[in-house]
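**Student:** mind folding the following:
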Amino acid sequence: PGYFLFVGTLQPRKNVGRLLDAWLSLPGAVRAERQLVIVGNAGWRCEELVRRMAALAAAGENLVWLKRLTGACALRNVYAGAGVFVFPSLYEGFGIPVVEAFASGVPVVASNTSSLPEVSLGAALEVNPLDSGEIGAAMLALVRDGALRARCIEAGRERARQLTWCNTARQTAAVYRAVLSN
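**Tutor:** Model (predicted):
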């Protein structure tokens, strides 16, 4: 049915520890059916997180850490197989992985802080990134509620169509024109 997916460098601001807590709080049957797949290189201050993920995998939890992918095609394939994308980051300058998930037709759970609400504009289920219970509840809602899932997928695809490099260039040029015309 698709796995839970996170993409990003492992570092404290990405909040992967709380993602693990949220996933572990899900019913055992859901965890058995849906892996948690974490894609990203080890970053700074992630030693404890790496140890924790290794211990969970060794204990038989349905957790996979993909440290390196062979390229953009491999990443597209990982997004294509996901059932829910979860991005509980504490701080982002923008949040490209959210847009990548939207464009891939994957429903998203994202933080309600930093730039992420501006990126998603309501297309994601927005959660308090400090509340692993809220993160888990949103993950479970996208697994169990087909109508909610379908709405999030369609809203995400529409948002991805708005957030293209071409549109960004057009909007930037319009700002320059407006400034220069004054």
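**Student:** how about the helices of this structure, start to end?
**Tutor:** For the chain, applying DSSP state H gives helices covering 16-25, 28-33, 47-58, 72-81, 96-103, 116-120, 132-144, 146-162, 165-180.
**Student:** deepest of the ones you listed, which one?
**Tutor:** helix 96-103 (a mean of 22; mean count of other C-beta atoms under 10 Å). For every residue, glycine as well, the C-beta is placed using N, CA and C.
**Student:** who touches it?
**Tutor:** For helix 96-103, the external contacting residues (C-beta atoms under 8 Å, 6 or more residues apart in numbering) are 5, 7-8, 75, 79, 82, 85, 87, 108, 110, 116, 119-120, 123-124, 156-157, 159-160, 163.
**Student:** 7 Å - rerun?
**Tutor:** Applying C-beta atoms under 7 Å, 6 or more residues apart in numbering, the contact partners of helix 96-103 are 7-8, 79, 85, 87, 108, 110, 116, 119-120, 123-124, 156-157, 159-160, 163.
**Student:** over to stretch 29-39?
**Tutor:** For stretch 29-39, using C-beta under 7 Å, 6+ apart, the contacting residues are 1-7, 16, 23, 53, 62-66, 69, 78, 83, 140, 143.
**Student:** now the end-to-end length of that stretch.
**Tutor:** Using C-alpha to C-alpha, to the nearest Å, the end-to-end distance of stretch 29-39 comes out at 23 Å.
**Student:** again with stretch 110-121
**Tutor:** Note: stretch 110-121 ends 11 Å apart using C-alpha to C-alpha.
**Student:** among the contacts of stretch 29-39, name the buried ones.
**Tutor:** Buried members of those, counted by 16 or more other C-beta atoms under 10 Å: 2-7, 16, 23, 53, 62-63, 65, 69, 78, 83, 140, 143.
**Student:** picking up where we left off before, got the helices of the chain as a markdown table, with distance to residue 41 and mean pLDDT columns?
**Tutor:** Formatted as a markdown table, the helices of the chain follow (distance: least, C-beta to C-beta, whole Å; pLDDT from 0 to 100):
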| stretch | distance to residue 41 | mean pLDDT |
| --- | --- | --- |
| helix 16-25 | 12 | 98 |
| helix 28-33 | 25 | 96 |
| helix 47-58 | 11 | 98 |
| helix 72-81 | 13 | 96 |
| helix 96-103 | 14 | 97 |
| helix 116-120 | 21 | 97 |
| helix 132-144 | 23 | 98 |
| helix 146-162 | 25 | 98 |
| helix 165-180 | 24 | 93 |
